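1. predicted model and sequence follow; I will ask about them next.
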Amino acid sequence: MKVYRTLKTAFRALRRNPMRATLTTLGIVIGVAAVIAMMEIGEGSSESIRKTIASMGANTLLIRPGAASSGGISFGAGSGMTMTPQDCEAIIRECPAVRFAAPVERVRTQVVYAGRNWVPIFIYGTTPEYLNVRGWTNLAEGECFTERDVRNASKVCLLGQTIVRELFVGESPIDKEIRIKNVAFRVIGVLSTKGANMMGFDQDDIVLAPWTSIKYRVSGTSATTANQSGSTESTSTTNTLSNLYPNTSVQLYPGQSAAQAANNPMPVRFANIDEISIAANSTAEVPVAIKQITGLLRERHRIHADDADDFSIRDMTEMIKALSSTTTLMTNLLLCVALISLVVGGVGIMNIMMVSVTERTREIGLRMAVGARSRDILRQFLIEAVVLCLVGGAFGILLGHGGLYAVNIFLKWPIKTSLPAIIAAVAVSASVGIIFGYYPAWKASRMDPIEALRYE
Amino acid sequence: MELIELRNIYKAYRIGEIDVPVLKGVSLTVRQGEFVALMGASGSGKSTLMNLLGCLDRPSSGEYWLDGKEVSRLSGDGRALLRSHKIGFVFQNFNLLARTSALDNVTMPFSYTLEHYSDKEAKERGAELLERFGLGGRLDHEPSRLSGGEQQRVAIARALINKPPILLADEPTGNLDSHTGEEVLRLIGQLNEEEGITIVMVTHDVNIAHHARRIIRLSDGVISNDGEVAANSAVSRVAGGGGSK
């Protein structure tokens, strides 16, 4: 009730000099409008920067098997045979920080169509998920192969733009057959242009096909053939495809008998893959994803706590750093601009409130004479200042927001409506009112009623 | 019954290093329902005495009993409360809020009372007072559209809105021509007679002082003369015969 009456008094006092009230709030209006505009343009820009960098793969991870070695000769990173498509499925199933995962089987060989041939940088056998991992789902033409194609090892493929250019000069490649290492694959889709990656490799120089087709029909390096290791007697009797782990150690104890093996069946691995491509939920969740995947794969590969991983996970650390420093810089810059404009607006309010207090000295004296306590006077002027600031803030939000729509329509700048910015603007304008209104209000409340009444 | 009792009031203002005494031992009593005029040359201390009576200021020493309570040592808030409930002020220059309707001017003191009135109640009481003072048709007028006499009547209505027992008038007719001044004085006299409101009026004009029933003269910080106005003057005042002998 008291507050309501004080508010009414404040509005009445402001209405007595509408021109001055308007001009005073103009400072706050512009300040808040600037804050809103800055915040929203900033949000929009960093959002688009984030998207751009994410499309370059900032949230992707690459898992490769560790190095295999035989007789002291290491075969280098990725030569291990310990990673399977089932690992990939398990990662999707059990790691909540992972959004997409796709197995990749790599091969480098010749691709032939009609009279032309080409050796693409990337021939990837994978699953349809791979396009999600790379954020590459918008195809230029045709469609992607399906899970069924993967299960059937269908001879279908997607081509990158470079290959289309090199092999099909001006022709549409859809439904044509190309030969990859003499195996005929039907082209069912064309990828959109992606350009070079961070290392300068042409990412459009790519052929994508189901990993089963590449593995079994093209590269032909299934576990049984491309084997750098001996296999234990017992497992080879149950399943010749399961000689996955390079085993160079001397067998100290006799292996399992057939009966023992039947009682304790080992998970049967049919094939290994070259790498697993992962997309984490977001750039921020990359470290979490790494942790979850490491735990899962160590468990699945039955790695003893003291032993080293038989795989390696790599992320785009440098890219993430660039991303976060860009956004931090941007946010701080905008914050500075916003603060300055609001302080300027606040000083304007203080200035006018001082003038107003002086001008209304007699009124203050009168109010004291009819029974206003000094805290009533303080409250009245403080509320006046806050009302000015809040009204200014409200108009500032409208102006800033409306202006941004115009900017968005005419200049096509990316913007993003941010509720926190609006809340912050309101909170800040109210506190500017309190902070800069306090001194004039305090001065008013300290007045001597006799002096004030006599003031001319 | 004594409404106001001053006992040996001293008041000194400190100017630089020296205390300048303004009131030098004023003692006086005013009973309920009296109409007192306070006279004196400028510098005699009548304004200071008025401020003390109105609880706007505190005496340097002495006692001030208002309505049976010693109030000279009250805090600022305590005096503010007294001012809102016990005392109404009328000023020479009206002191109305500009660009505020007469009704809003009259109801303004309600913002600072302990009791809460709804907007409707406040409006009704304000309008009632203004109508009684012949301003029924001027409720929405801003002070700039009112004549001097009307403005002073609005100011008196404002002073009375909280039904105070005392009305302090500081040269209420000082800014008015003699005719409207007469009207205002008649209104004040009426309030005193019909409602029993105690009135203390500062003036330097003997003619105006004669509207009162008692005149207190101050000179040089002490009361030099305190006496009833002759009855015939009072009669002529009641008869409305100009009252200025």
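-> Yep, that arrived. Numbering: from 1, shown residues only, chains lettered A, B, ... in the order given.

2. would you state the strands of the chain in chain order?
-> Defaulting to chain A. A:60-65, A:69-70, A:73-74, A:98-107, A:111-113, A:116-118, A:122-126, A:139-142, A:156-159, A:177-180, A:183-191, A:206-210, A:275-280, A:311-315 (DSSP state E).

3. let me rephrase: I mean chain B.
-> Using DSSP E, strands in chain B cover B:2-15, B:18-31, B:35-40, B:61-66, B:69-70, B:87-90, B:166-170, B:198-202, B:214-219, B:222-228.

4. pick the most deeply packed of these.
-> strand B:87-90 (a mean of 26; mean count of other C-beta atoms under 10 Å in any protein chain shown). In short, each C-beta sits where N, CA and C put it, glycine included.

5. rebuild the strands of chain A as TSV, extending it with distance to chain B.
-> Formatted as TSV, the strands of chain A follow (distance: least, C-beta to the nearest C-beta, whole Å):
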stretch	distance to chain B
strand A:60-65	66
strand A:69-70	90
strand A:73-74	89
strand A:98-107	60
strand A:111-113	87
strand A:116-118	86
strand A:122-126	75
strand A:139-142	69
strand A:156-159	75
strand A:177-180	86
strand A:183-191	72
strand A:206-210	76
strand A:275-280	61
strand A:311-315	66
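
6. of those strands, give the one that comes closest to A:A34.
-> strand A:275-280 (36.1 Å; C-beta to C-beta).

7. for the closest one, which strands pair with it and how are they oriented?
-> Next to strand A:275-280 in the sheet, as set by DSSP bridges, lie strand A:60-65 (antiparallel), strand A:98-107 (antiparallel).

8. run the angle between that strand and strand A:311-315 for me.
-> Here strand A:275-280 runs at an angle of 40 degrees relative to strand A:311-315 (axes from the mean of the first three to the mean of the last three C-alpha atoms, to 10 degrees).

9. who in chain B is up against chain A?
-> B:51, B:54, B:56-57, B:76-77, B:80-81, B:83-85, B:89, B:91, B:95, B:97-100, B:104, B:108-113, B:116, B:158-159, B:162 (C-beta under 8 Å from any C-beta of the partner chain).

10. burial of A:N197, as a residue count?
-> 11 (other C-beta atoms under 10 Å in any protein chain shown).

11. actually A:S257, sorry about that
-> When neighbours are counted by other C-beta under 10 Å, A:S257 comes out with 11.

12. follow-up on the earlier one: using CSV, please lay out the strands of chain A together with distance to A:V370, mean neighbour count and mean pLDDT.
-> Converted to CSV, those look like this (distance: least, C-beta to C-beta, whole Å; neighbours: other C-beta atoms under 10 Å in any protein chain shown; pLDDT from 0 to 100):
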stretch, distance to A:V370, mean neighbour count, mean pLDDT
strand A:60-65, 74, 22, 88
strand A:69-70, 97, 16, 76
strand A:73-74, 96, 9, 80
strand A:98-107, 70, 23, 91
strand A:111-113, 96, 19, 92
strand A:116-118, 95, 14, 91
strand A:122-126, 85, 24, 92
strand A:139-142, 80, 16, 89
strand A:156-159, 86, 28, 94
strand A:177-180, 96, 19, 92
strand A:183-191, 82, 20, 93
strand A:206-210, 86, 27, 94
strand A:275-280, 69, 25, 91
strand A:311-315, 73, 18, 87
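
13. quick one: name the residues of the stretch 1-150 of chain A near chain B.
-> A:M1, A:K2, A:R5, A:T6, A:T9, A:R12, A:R15, A:R16.

14. just the closest residue of the stretch 351-456 of chain A to chain B, please.
-> A:G371 (2.3 Å; C-beta to the nearest C-beta).

15. burial of that residue, as a residue count?
-> A:G371: 25 neighbours (other C-beta under 10 Å).

16. quick check: closest non-adjacent residue to it.
-> Leaving aside its sequence neighbours, A:G371 sits nearest to B:S84 (C-beta to C-beta, 6 or more residues apart in numbering or on different chains; 2.3 Å).

17. tell me how far that neighbour lies from B:I199.
-> 18 Å (C-beta to C-beta, to the nearest Å).

18. read off the pLDDT value for the residue in chain B that chain A sits nearest to.
-> The nearest approach of chain B to chain A comes at B:S84, 2.3 Å away (C-beta to the nearest C-beta). With respect to pLDDT, B:S84 scores 91.

19. longest helix in the chain, by residue count?
-> Went with chain A since none was named. helix A:317-359 (DSSP state H).

20. let me rephrase: I mean chain B.
-> helix B:178-195.

21. count of residues packed around the spatially closest residue to A:S282 that is not a sequence neighbour?
-> Leaving aside its chain neighbours, A:S282 sits nearest to A:N59 (6.0 Å; criterion: C-beta to C-beta, 6+ apart). Neighbour count of A:N59, defined by other C-beta under 10 Å: 28.

22. these two touch, right, A:N59 and A:S277?
-> No: using C-beta atoms under 8 Å, A:N59 is not in contact with A:S277, being 11.4 Å away.

23. make TSV out of the strands paired with strand A:275-280 and add distance to B:Y10.
-> Formatted as TSV, the strands paired with strand A:275-280 follow (distance: least, C-beta to C-beta, whole Å):
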stretch	distance to B:Y10
strand A:60-65	90
strand A:98-107	87
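
24. and those: which comes nearest B:Y64?
-> strand A:98-107 (82.3 Å).

25. which residues does the closest residue to chain B within the stretch 51-200 of chain A contact?
-> The stretch 51-200 of chain A approaches chain B most closely through A:K51 (55.5 Å), counting by C-beta to the nearest C-beta. For A:K51, no residue meets the contact criterion (C-beta atoms under 8 Å, 6 or more residues apart in numbering or on different chains).

26. quick check: it vs A:S282, distance?
-> 12 Å.

27. ok, now B:Y13?
-> From B:Y13 over to A:S282 (counting by C-beta to C-beta), the distance is 73 Å.

28. ok, now A:A90?
-> A:A90 is 22 Å from A:S282, by C-beta to C-beta.

29. report the central residue of the chain.
-> I'll assume chain A. The residue lying closest to the centre of chain A (C-alpha atoms, centre = their mean) is A:S282, at 4.3 Å.

30. meant chain B, my bad for not saying
-> Short answer for chain B (C-alpha atoms, centre = their mean): B:L168, at 1.3 Å.

31. now do the same contact list for it.
-> B:M50, B:L53, B:G54, B:I87, B:G88, B:F89, B:V90, B:I199, B:V200, B:M201.

32. hmm, back to that, of the residues of the stretch 1-150 of chain A next to chain B, buried ones?
-> A:R5, A:T6, A:T9, A:R12, A:R16 (16 or more other C-beta atoms under 10 Å in any protein chain shown).

33. name the nearest residue to the second one, ignoring sequence neighbours.
-> It refers to A:T6. In space, A:T6 is closest to A:I383, 5.4 Å off (C-beta to C-beta, 6+ apart).
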